[in-house]
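Student: just coords:
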């Protein structure tokens, strides 16, 4: 019994060690080994995208609240302007980024 | 908007102050009951929570004249006679650790009705078979 | 076979340490393959812990008494289902269950996020690895389930009070909740370590948090029901430190669920959310520590085990490191927006958070007080129900009211006029209910009356929200009322699922109020043939019967129950005397009236030699609403948890944009 148990234990340890080493065994000499991490530019892009999504979602929710009657007509008029402006700004900022990226790509090659 | 500080901070500060005030008010009015063992009873007057081990046989009727037994220090020898009226938990027996509220009167600890609680025998170490 | 178990645990420990070291190094130096390898280590750790669990389960089912653990917690006559539940009936086994769930959740979190979220995941892995290392270390070094001994003839058996179906579900649900809170914690720390400022970690863990919170809630309700029907003192919650140990993280998690919505929508409260998730996790660890260390005396008390100091040390380590991390990333967490109005949904969420955290901290103070007072030499001074009930009322009643106010208020800013319009119906319903209840005599307890009135307000506001939402949907898209309703809920799962959960909490509040503010108790000694009266009920003690069961002698007093002249049923209430364990347990008789939700609760206090019996009878109005609320709670959570295709698309689109080449 004990030998079987120890054998199984050793097998388990070996299997786990193999699985852990797998990434190195699969690619012994990869082209690049960098961890995919958003650089500062990409992080800014993410933030802007989040801003845009947040502004759009807020607009949508305001519309819904207005329709259900939670937000009165006066309140709606007051709130919708700034929200639309924010959404437009966020969209513009993202567009500008995309344009500048296009230019950089074109300039590079 | 020329507000230098978000109202959120003010709200939080006020709430913390309010909560503390409520808390201090409660503690000053009520307060916890000291948990003592039979050997410490002499120095405590007034209502206490008495903790100890049941020794000897329990006699009497908890629903009648009163259940009488002795309570001893958990790890000591000082003991005190107890008179208890009210519900008796199932786990109550000689040798078990119990807790009751009440006060010492004329050398006998008179317990508050229905205040007897037993400590569950340890779940995580089993009762060893003799 | 125990060697296999020990080996599996050792392998698990090794993998966890590797995940910490390699994972941390990989994240810091941005090595892809090493990060992947560390992820694999976490996945493998799950397999290893499963192996150890299988060994223990096998030993239990075989009744292999050469395992000390099996001998200590089972016996030859123990039925099969309780043999299985004995797995977590003891200290070592319950730690192993923790480890299995922890590695399982960790593996799932890694598997689900490895394609999308490589950067944050790189830091999440070492954090998860650290927690896994602690538990694996405890199991390997301090408290092993695989200790052996020369096998005795029979085991010690499971404590009779644990031999019931609740033992099979209550602890696992609680563990799912406790351990589940590790995942949002790990992702939060991972995001901080990776210096990320976006909300991705919240979105990734939102469902984990909801799941853990639901499991913790259901687990507590199960525990309360267990206490009610099995322990049978007439109550369902005793403010026992171990009960509080599960309540505290649940309260903080509730606050967290609400405040993350603010962070998602407005980008505010980032620091607060970090602190909340750290607090929730530390309370979950603290709860585990409380139930194992014997530091605070409670009826769940376990022995003074060697585990205590280790746990305390780990909690301190986690607290200090997380707080230091949050502090060091403070500039990143600055909010760009601010609270615009004290009358807005953001503000009500903030008030709700403050109340929940305040309640949690007062409970924590009450639990820790005996330890602290002992440490300063004044002996263990305990606080009991009056303390907790006071603060439950002070913080709970406003919370109840807020549950009704929140849904009616818009984001950002709400003008008093629109508020007035929204409040009209619910407030009217509440006022009418209050007056009606007062006329019916509910004024005997002003706390109860207030609670009922607030509950009516909340239910009114929830109903109103559903009604006007359905009406707006129908105006927009046509169709029948029922299809509009279904569409409404399907398109706003989080919001309306949340409303259902609120309704469940209100039912809970009504049930608790009814059964504590308006209950009645009576004790009386009855001889056979005598009758006692309580409320509308008349109970006549008929006879005492004795029955020799499989492992206990069962004594039952039979009582005829009548109400207003009508015979209702014959209740049996009594005691079981367990021969082997030399223990007596209370077997209460409960008559539940499903129409009114009321319970007639009969306890056989004392069986006297002259044939008379001392009974304690309680009437608990509306108590069955508490158990019903559990069902509604689960339903609402499921609605909120259900994945939404639209949301998934939006998230993947956002990430695709990042990698998207220049537009054509």
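Tutor: Great, that's in hand. A quick note: this is a predicted structure, and the numbers were derived from the prediction, not measured. Numbers count the residues shown, from 1 in each chain, chains lettered A, B, ... in the order given.
Student: ok, residues contacting the lengthiest strand in chain B?
Tutor: In chain B, ranked by residue count with DSSP state E as the criterion, the top strand is strand B:48-61. Among residues not part of strand B:48-61, those counted as contacts by CB atoms under 8 Å, 6 or more residues apart in numbering or on different chains are B:33-38, B:41, B:66-74, B:79-80, B:82, B:92-103, B:109, B:111, C:297, C:382, C:606, C:608. Quick note: C-beta positions are derived from backbone N, CA and C, even for glycine.
Student: Filter the residues you listed down to the buried ones.
Tutor: Using 16 or more other CB atoms under 10 Å in any protein chain shown as the burial test, these include B:33-38, B:41, B:66-73, B:79-80, B:82, B:92, B:97-102, B:109, B:111, C:297, C:382, C:606 as buried.
Student: tally of neighbours for residue C:334?
Tutor: Neighbours of residue C:334 under the rule other CB atoms under 10 Å in any protein chain shown: 9.
Student: Please tell me how far it sits from chain B.
Tutor: Computed with CB to the nearest CB, to the nearest Å, the distance linking residue C:334 and chain B is 11 Å.
Student: Contacts only, for that residue.
Tutor: When contacts are counted by CB under 8 Å, 6+ apart, residue C:334 touches residue C:270.
Student: sec struct for the one residue in the stretch 101-250 of chain C that gets nearest to chain B, please.
Tutor: With distances taken as CB to the nearest CB, the stretch 101-250 of chain C approaches chain B most closely at residue C:156, which sits 3.8 Å away. Under DSSP: H, G, I helix; E, B strand; the rest coil, residue C:156 falls in the coil class.
Student: Look at residue C:146 and tell me its secondary structure.
Tutor: Reduced to three states by three-state DSSP, residue C:146 is coil.
Student: swap in residue B:83?
Tutor: In three-state terms, and counting by three-state DSSP, residue B:83 is strand.
Student: where does chain B have low pLDDT?
Tutor: Judged against pLDDT under 70, the low-scoring parts of chain B cover residues B:1-7, B:28-32, B:119-130.
Student: All the strands of it, residue numbers only.
Tutor: With DSSP E as the definition, chain B shows strands at residue ranges B:33-36, B:48-61, B:66-72, B:79-84, B:97-105, B:108-111, B:117-118.
Student: quick one: terminal-to-terminal distance for stretch C:337-356?
Tutor: Counting by CA to CA, to the nearest Å, you get 24 Å between the two ends of stretch C:337-356.
Student: ok, so what distance separates the spatially most central residue of chain B from residue C:139?
Tutor: Central residue of chain B (CA atoms, centre = their mean): residue B:49, 3.8 Å from the mean position. Separation of residue B:49 from residue C:139 (CB to CB, to the nearest Å) stands at 37 Å.
Student: now do residue C:418
Tutor: Computed as CB to CB, the residue C:418 to residue C:139 distance reads 58 Å.
Student: and what of residue C:267?
Tutor: The spacing between residue C:267 and residue C:139, counted by CB to CB, is 42 Å.
Student: Next: residue C:46.
Tutor: Residue C:46 sits 15 Å away from residue C:139, going by CB to CB.
Student: What of residue A:53?
Tutor: Here the criterion is CB to CB. By it, residue A:53 lies 44 Å from residue C:139.
Student: neighbour-wise, which of those two wins?
Tutor: Each of residue A:53 and residue C:139 had its neighbours counted (other CB under 10 Å), and the higher figure belongs to residue C:139 (26 against 18).
Student: Quick check: closest non-adjacent residue to the more buried one.
Tutor: Setting aside the residues directly before and after it, residue C:139 is nearest to residue C:9 in space (CB to CB, 6 or more residues apart in numbering or on different chains), at 5.2 Å.
Student: just checking, what packs against the one helix or strand that neighbour maps to?
Tutor: In this assignment (DSSP states H and E), residue C:9 forms part of helix C:2-29. When contacts are defined as 3 or more CB pairs under 8 Å, 6 or more residues apart in numbering or on different chains; DSSP states H and E, helix C:2-29 sits against helix A:2-26, helix C:32-62, helix C:118-137.
Student: And those helices: which comes nearest chain B?
Tutor: Distances from chain B to each of those were compared using CB to the nearest CB; the minimum, 14.4 Å, belongs to helix C:32-62.
Student: Next, the buried residues of the closest one.
Tutor: In terms of neighbour count (16+ other CB under 10 Å), helix C:32-62 has its buried residues at C:32-53, C:55-56, C:59-60.
Student: Surely residue C:275 is within a strand?
Tutor: No: in this structure, residue C:275 is helix, not part of a strand, as judged by three-state DSSP.
Student: ok, the residue lying closest to it once chain neighbours are set aside to chain B distance?
Tutor: Computed as CB to CB, 6+ apart, the closest residue to residue C:275 that is not its neighbour in sequence is residue C:326, at 6.8 Å. For residue C:326, the distance to chain B under the criterion CB to the nearest CB works out to 17 Å.
Student: looking at it, residue C:326 is touching residue C:191, isn't it?
Tutor: No: under the criterion of CB atoms under 8 Å, residue C:326 lies out of contact with residue C:191, with a separation of 11.0 Å.
Student: out of those two, which sits in the more crowded spot?
Tutor: When neighbours are counted by other CB under 10 Å, residue C:326 and residue C:191 differ, and residue C:191 comes out ahead with 26 against 19.
Student: name the helices or strands packed onto the helix or strand containing the more buried one?
Tutor: Residue C:191 is part of helix C:182-193, with elements assigned from DSSP H and E. With contacts defined as 3+ CB pairs under 8 Å, 6+ apart, the packing partners of helix C:182-193 are helix C:91-113, helix C:118-137, helix C:200-226, helix C:270-293, helix C:307-328.
Student: For the first one, buried residues please.
Tutor: Think helix C:91-113. Buried residues in helix C:91-113, counting neighbours by 16+ other CB under 10 Å, are found at C:91-107, C:109-110, C:113.
Student: centre of the chain versus that helix, how much separation?
Tutor: Distance of helix C:91-113 from its chain centroid, counting by CA atoms, centre = their mean, to the nearest Å, is 18 Å.
Student: how about that helix, does it reach chain B?
Tutor: Yes: with CB under 8 Å from any CB of the partner chain as the measure, helix C:91-113 is seen reaching chain B through residue C:91.
Student: Which strands or helices does that helix pack on?
Tutor: helix C:32-62, helix C:68-73, helix C:118-137, helix C:166-180, helix C:182-193, helix C:200-226.
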